[in-house]
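S.K.: fold the following, please.
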Amino acid sequence: MMYYIIVNPASKSGRGAKIWSVVMPVLEQKDIEYKVFFSAKIGHVTKLVRDLCDSVLTRNTESALKLIILGGDGTLNEALQGISDFERVWLGYIPTGSSNDMARDLRLPKNPLEILENILRCENPLRMDIGCLVYEQASQQFSRQYDGEISQRRSFAVSSGIGFDAAVCEEALTSKFKNILNKIGLGKLTYLSIALKQLIMAKKITCAITLDDKETISVPKFLFVAGMIHQYEGGGFKFCPGADATDGIIDICVVGNIPKWLILLALPTAFTGNHYRFNGIERYHASRVHLETSAPLWVHTDGEVAMKSSSITLTCEREKLRLLL
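M.R.: Below is the predicted model of the structure:
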């Protein structure tokens, strides 16, 4: 059985390359057939996966494409955009990023070789939900290109958010300070410093949230809305404790009309999922969520930021992903 492996050597400032140097000898020792590809830039993983689907699935019309992603949550997100047939792509994931929120929720082993062993032994992949983001209105003026194109639709494995959390992700993507801190194991401080800055700069924006095309919730002032497939985002914030990645539901964390100074007290409690004790932080559930904001804001999928929008729709695609665990 052939395994196709995509490595993001730059994830966590070179940690991806280091972990690959540990994984490769084991594959050789076990005589595992594999082909490895290395990503070179934003969007490259999507192209690699798309090309593999076109070639391997076309050539072998009945067998599955066994794909292993070695990178962070963002690398995994790029891979999802390139999958053309989720029924026939079986995905393994060895986390090497800064956040690794899906690995945290799945309780993957810390040792990458133990994860590799589980992937190689797996014969019945876990069926896991993924989310779908559609930009109903996109601001091309504020956009990042992925492999030369901007898609109006993006899949996500962990979470998608609009507002404060996406603005933090957008600034972190270009932060030179992040690379320096990653190298000394303090990458999370990047997000903390950027978060404080974005919190101070945040303007009053209104938001209307429609759940399953029925109930509409008006939020007169909001900081961000996160639609979650898993429990964690942002490197360990447990925004939706108990979220189930197999139930066909998006869990929604809404941080609304709450003073900025109180946010400084509330955010640390989100690491343990205790932030709902604060007035202005609410939780909802739906399989389809439509969001309308009074001004375009950054939107992220698994920490990857493509563009600003004032109108987005999130849906849950139940048990669509086949995950090798």
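S.K.: got a list of what Gly131 touches?
M.R.: Going by C-beta atoms under 8 Å, 6 or more residues apart in numbering, Gly131 touches 155-157, 159-160, 227, 229, 250, 301, 314-317. C-beta: built from backbone N, CA, C; applies to glycine.
S.K.: and those residues, which are buried?
M.R.: Buried members of the contacts of Gly131, scored by 16 or more other C-beta atoms under 10 Å, are Ser155, Phe156, Ala157, Ser159, Ser160, Gly227, Ile229, Ile250, Thr301, Leu314, Thr315, Cys316.
S.K.: where does the second one land on pLDDT?
M.R.: So that's Phe156. Looking at Phe156, its pLDDT reads 97.
S.K.: go on, the fifth one?
M.R.: As predicted, Ser160 sits at a pLDDT of 97.
S.K.: backbone dihedrals for it, both of them.
M.R.: Dihedral pair for Ser160: phi -140, psi 140, per degrees, to the nearest 10.
S.K.: how far away is it from Ile312?
M.R.: With distances taken as C-beta to C-beta, to the nearest Å, Ser160 is found 8 Å from Ile312.
S.K.: what do those two both touch?
M.R.: With C-beta under 8 Å, 6+ apart, Ser160 and Ile312 have common neighbours Leu133, Val299.
S.K.: from the chain's centroid, how far away is stretch 95-108?
M.R.: The chain centroid and the centroid of stretch 95-108 are separated by 10 Å, computed with C-alpha atoms, centre = their mean, to the nearest Å.
S.K.: if you count neighbours, what's buried in that stretch?
M.R.: Buried, per 16+ other C-beta under 10 Å, within stretch 95-108: 95-106, 108.
S.K.: also stretch 253-271?
M.R.: In stretch 253-271, the ones that count as buried by 16+ other C-beta under 10 Å are Cys253, Val254, Val255, Gly256, Ile258, Ile263, Ala266, Leu267, Thr269, Ala270.
S.K.: what residues are up against the residue nearest to the last one when sequence neighbours are not counted?
M.R.: So that's Ala270. Spatial nearest neighbour of Ala270, chain neighbours left out: Phe237 (4.5 Å); criterion: C-beta to C-beta, 6 or more residues apart in numbering. Residues near Phe237 by C-beta under 8 Å, 6+ apart: Leu267, Ala270, Phe271.
S.K.: what bridges to Phe237?
M.R.: Glu233 (DSSP bridges).
S.K.: how near is it to Met228?
M.R.: Relative to Met228, and taking C-beta to C-beta, Phe237 is found at 10 Å.
S.K.: now do Ile312
M.R.: On the measure of C-beta to C-beta, Ile312 and Met228 end up 15 Å apart.
S.K.: now Gln198
M.R.: From Gln198 to Met228 the distance is 20 Å (C-beta to C-beta).
S.K.: just Asp105 next, same as before
M.R.: From Asp105 to Met228 the distance is 10 Å (C-beta to C-beta).
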